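Participant: Predicted structure and sequence below. I'll ask about it afterward.
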Amino acid sequence: MVTLVLIGLVGGLITGISPCVLPVLPVVFLSGGVRSGERPAGRPGRRPYLIVLGLALSFSVFTLLGTLILSALPLPDDTVRWAGLVVLVVLGVAMMVPAVQHLLEKPFNWIPQRRVRAEHGGFVLGLALGAVYVPCAGPVLAAITVAGATGRIGVRTVLLTVAFAVGTALPLLGFALAGQGVAERVRAFRERQRGLRVLAGVVVIALAVALTFNVTDVLQRAVPDYTATLNNALDGQGGAAARLGGSGGSASLADCAQQPSETLEDCGKAPAISGIQQWLNTPNGAPVSASSLKGKVVLVDFWAYSCINCQRAITHVEPWYDTYRAAGFEVIGVHTPEYAFEHVPGNVAAGAKRLRVSYPVALDNKYTTWDNFGNDSWPAEYLIDAKGEVRHVALGEGDYDGTEALIRQLLTAAHPTVKLPTATHVSDTTPSSPQMTPETYLGSERANTYAAGTPLPAGTRDFSYPASQPPNTFALSGSWKVGGEAVTAEGRSGIRLNYLANDIYLDVGGTGTVTAKINGRTTTYRISGAPDIYPLLSAEDQQSGTLDVTLSPGLSAYSFTFG
């Protein structure tokens, strides 16, 4: 716990001095120096503390809980950011126009003995600043974001978040106190407090406008990331993500996952399938009960419907289910989402239907069963014998004949008199050649192969392809709205991908067309409905090249996957 708190503090300090916070520093400095009209000159004010407290609080809370809150409400993903921008504009106007400030304070005047002073507006200003700067980068913040997005919020996550907030607040408080110190000591500032308030209001409004049109991105791209080395060193020391890792699964189950074997092993008692939001492919949507699995050989398959690796695995799992079901074999597909759109039951049901999945599917939207198994991969298969013991763990693709042989062995052990059908021996399409291009995420949260070599900031702006582009990277052109998970075309927008692979798939959703130009050939695909993966290239041998993809307005692209 102590190490985790130290990681949070150091990560927060690094974030508080990183280029990502540079645009807010003028606001923090000037606003910290604005004296409340009710406080006599020379008396220390609380405004700098309130500004930084509000900023650190909202920055951390929205990072930790923002995904959970927005998923529970029918609101767009960027609601928090837009609300923060509106509040910034209103507060900026209030700083400049006393009548507006009094109007904002009026609703609180009914509270006995608790008149809201102008100084308290600093806390609201801090809240707004934190809301618009949630996307600040850093490995510690990334770990907290993943924990919040997946609902893995426990004592360790909260401790890390609090420590991170404190670390972030310290350098920002230094700037706010410096602004107050200048205002208190320099005569010109003391005598021109009214002018200082107007100036601070102008700066706050200017920041809101700059954030709206992503002008601050220019500053962040222009300034080298002088904290990159510190972040890398911090991430290499055990890492916050590793220390927040899954808490489920027994030690023996973890050992089986780390040491794959072609023979049956003793991996411990099978964890519970619990926390399921909804069941598919069962009578009237009823849960699969533990009693109904008694005496059966069970395969628990973790998957996500838009995962190409999972789709290739399903071409084996479904024939196993069809072939051996009558002999006492059961499959439970635990659908644990990777993207927000994969939380939607209708999308999962449509995806399962397209993939011809007929076995029971459990929607594990809260990652409960995922954590019970201590799982960390898509796809992942846990083979359980008739006594409820896990006997084999297979992470990722491949060796399907070996897994089928183990299924047959367990069925024979459970029912010695059973006569098994001929083995399926479905052709294995797992890529066998070296795969140089990794899975390429396009949203700002995980766009680690963006060609510019800098973080891809969220927001709407125009892009252009670079003069040269490194291998295994992507670049954008045209107008795009960059979200946490996806990029959405605002006009006739393009993506250029330099790749090395046999097959290329694009995860895309919406209604419109995708035009792909590759190896001199141009192909147009019609897209409709929930996000899903579409094949753009299928080749016998691995090849390197450049793929140019054009999306019509409104389409959202999530990732490229390869085979």
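Facilitator: Perfect, thanks for sending it. Computed from a predicted model, the values in this text were never measured in an experiment.

Participant: all helices for the stretch 301-450 of the chain, in order.
Facilitator: Here the stretch 301-450 of the chain has its helices, by DSSP state H, counting those that start in this stretch, at 308-324, 345-354, 368-372, 400-414.

Participant: same question but for the stretch 51-200 of the chain, I mixed them up
Facilitator: 79-96, 98-105, 121-132, 139-149, 155-185, 187-191, 193-212.

Participant: Take the helices of the stretch 301-450 of the chain and write them to TSV, including mean pLDDT and mean neighbour count.
Facilitator: C-beta: built from backbone N, CA, C; applies to glycine. Formatted as TSV, the helices of the stretch 301-450 of the chain follow (pLDDT from 0 to 100; neighbours: other CB atoms under 10 Å):
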stretch	mean pLDDT	mean neighbour count
helix 308-324	90	21
helix 345-354	88	18
helix 368-372	87	22
helix 400-414	92	19
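
Participant: Between those, which one is closest to residue 500.
Facilitator: Across these, residue 500 has its closest neighbour in helix 308-324 (16.3 Å, CB to CB).

Participant: which residues touch that closest one?
Facilitator: Helix 308-324 is contacted by residues 297, 299, 301, 303-305, 329-331, 333, 355-359, 378-379, 381, 396-397, 400, 403-404, 407-408, 411, 420-421, 424, 426, 428-430, 505, 533, 561, 563 when judged by CB atoms under 8 Å, 6 or more residues apart in numbering.

Participant: What subset of those residues is buried?
Facilitator: 297, 299, 301, 303-305, 329-331, 333, 355, 357, 359, 378-379, 381, 397, 400, 403-404, 407-408, 411, 424, 429, 505, 533, 561, 563 (16 or more other CB atoms under 10 Å).

Participant: Could I get the phi/psi values of residue 451?
Facilitator: phi -60, psi -30 (degrees, to the nearest 10).

Participant: list the contacts for it?
Facilitator: 466, 469, 470, 473, 474, 475, 496, 498.

Participant: ok, now how distant is it from residue 497?
Facilitator: 9 Å (CB to CB, to the nearest Å).

Participant: which neighbours do those two share?
Facilitator: Contacts common to residue 451 and residue 497, judged by CB under 8 Å, 6+ apart, are 473, 474.

Participant: is it true that residue 13 touches residue 172?
Facilitator: No - between residue 13 and residue 172 there is no contact under CB atoms under 8 Å: 10.4 Å.

Participant: What helix or strand is the closest residue to residue 548 other than its chain neighbours located in?
Facilitator: Residue nearest to residue 548 in three dimensions, not counting chain neighbours: residue 517, with 4.4 Å by CB to CB, 6 or more residues apart in numbering. In the assignment (DSSP states H and E), residue 517 maps to strand 512-518.

Participant: returning to what we had before: in strands only, show me the contacts of helix 308-324.
Facilitator: Among the contacts of helix 308-324, DSSP state E puts 297, 299, 301, 303, 329, 330, 331, 333, 381, 505, 533, 561 in strands.

Participant: wait, what's in contact with the last one?
Facilitator: With contacts defined as CB under 8 Å, 6+ apart, the neighbours of residue 561 are 307, 308, 309, 439, 440, 504, 505, 507, 533.

Participant: For it, give the beta-bridge partners.
Facilitator: residue 505 (DSSP bridges).

Participant: for the second one, same thing?
Facilitator: Following DSSP bridges, residue 299 is listed with bridge partners residue 331, residue 383.

Participant: Which pLDDT value goes with it?
Facilitator: Each residue has a pLDDT score; the one for residue 299 is 95.

Participant: That one and residue 334 touch, don't they?
Facilitator: No - if you go by CB under 8 Å, residue 299 and residue 334 don't touch, sitting 10.6 Å apart.

Participant: In the helix or strand that the strand holding residue 517 is followed by, which residues are buried?
Facilitator: The helix or strand immediately downstream of strand 512-518 is strand 521-527, counting by DSSP H and E. The neighbour-count check on strand 521-527 (16+ other CB under 10 Å) flags residue 527 as buried.

Participant: ok, the spatially closest residue to residue 523 that is not a sequence neighbour - contacts?
Facilitator: Nearest non-adjacent residue to residue 523, counting by CB to CB, 6+ apart: residue 516, 5.2 Å away. Neighbour list for residue 516: 506, 522, 523, 524, 525, 536, 537, 547, 548, 549 [criterion: CB under 8 Å, 6+ apart].

Participant: go again using 10 Å as the cut-off
Facilitator: For residue 516, the contact set (CB atoms under 10 Å, 6 or more residues apart in numbering) comprises 495, 497, 504, 506, 522-525, 534-537, 547-550.

Participant: what does residue 365 give?
Facilitator: Taking CB under 10 Å, 6+ apart as the definition, contacts of residue 365 comprise 71, 150-151, 275-278, 335-337, 342-345, 348.

Participant: top of those by neighbour count?
Facilitator: residue 335 (29 neighbours; other CB atoms under 10 Å).

Participant: per-residue confidence at it?
Facilitator: Looking at residue 335, its pLDDT reads 95.

Participant: could I get the contacts of residue 561 as CSV with distance to residue 325?
Facilitator: What follows is the contacts of residue 561, written out as CSV (distance: CB to CB, whole Å):
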residue, distance to residue 325
307, 24
308, 26
309, 24
439, 33
440, 38
504, 35
505, 30
507, 31
533, 28
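
Participant: picking up where we left off before, the residue nearest to residue 548 and residue 556, how far apart?
Facilitator: 20 Å.

Participant: neighbour count winner among these two?
Facilitator: More crowded of residue 517 and residue 556, by other CB under 10 Å: residue 556, with 22 against 16.

Participant: Contact partners for that one?
Facilitator: 341, 442-443, 481, 483, 485-489, 507-510, 512, 527, 531.

Participant: And for residue 291?
Facilitator: Residue 291 neighbours (CB under 10 Å, 6+ apart): none.

Participant: So that it lines up with my notes, have the first residue be 20 from now on.
Facilitator: Fine by me, first position is 20 from now on; the one you just mentioned is residue 310.

Participant: buried stuff in the helix or strand containing it?
Facilitator: Using DSSP H and E, the element containing residue 310 is helix 309-312. Buried residues in helix 309-312, defined by neighbour count with 16+ other CB under 10 Å: residue 312.

Participant: Apart from its chain neighbours, what residue comes closest to residue 541?
Facilitator: residue 534 (6.4 Å).

Participant: circling back: relative to residue 305, which of the helices of the stretch 320-469 of the chain is closest?
Facilitator: Closest among the helices of the stretch 320-469 of the chain, using CB to CB: helix 364-373, at 15.1 Å.

Participant: ok, residues contacting the closest one?
Facilitator: For helix 364-373, the external contacting residues (CB under 10 Å, 6+ apart) are 296-300, 304, 322-326, 329-330, 333, 352, 354, 356, 358, 360-361, 363, 376-378, 380, 382, 384, 528, 548-552.

Participant: How about the contacts made by the closest residue to residue 522 other than its chain neighbours?
Facilitator: Spatial nearest neighbour of residue 522, chain neighbours left out: residue 582 (3.6 Å); criterion: CB to CB, 6+ apart. Listed by CB under 10 Å, 6+ apart, the contact set of residue 582 reads 327-328, 331, 416, 448-450, 452, 454, 520-524, 554, 556-558, 561.

Participant: let's see 7 Å
Facilitator: 327, 450, 520, 521, 522 (CB atoms under 7 Å, 6 or more residues apart in numbering).

Participant: quick one: which of those is most hemmed in?
Facilitator: residue 520 (24 neighbours).

Participant: Surely it and residue 581 touch.
Facilitator: Yes - Residue 520 is in contact with residue 581 according to CB atoms under 7 Å; the separation is 3.8 Å.

Participant: ok, now how distant is the residue of the chain most remote from its centre from residue 430?
Facilitator: Here the chain reaches farthest from its C-alpha mean at residue 436, the gap being 49.9 Å by CA atoms, centre = their mean. Relative to residue 430, residue 436 is positioned 11 Å away (CB to CB).
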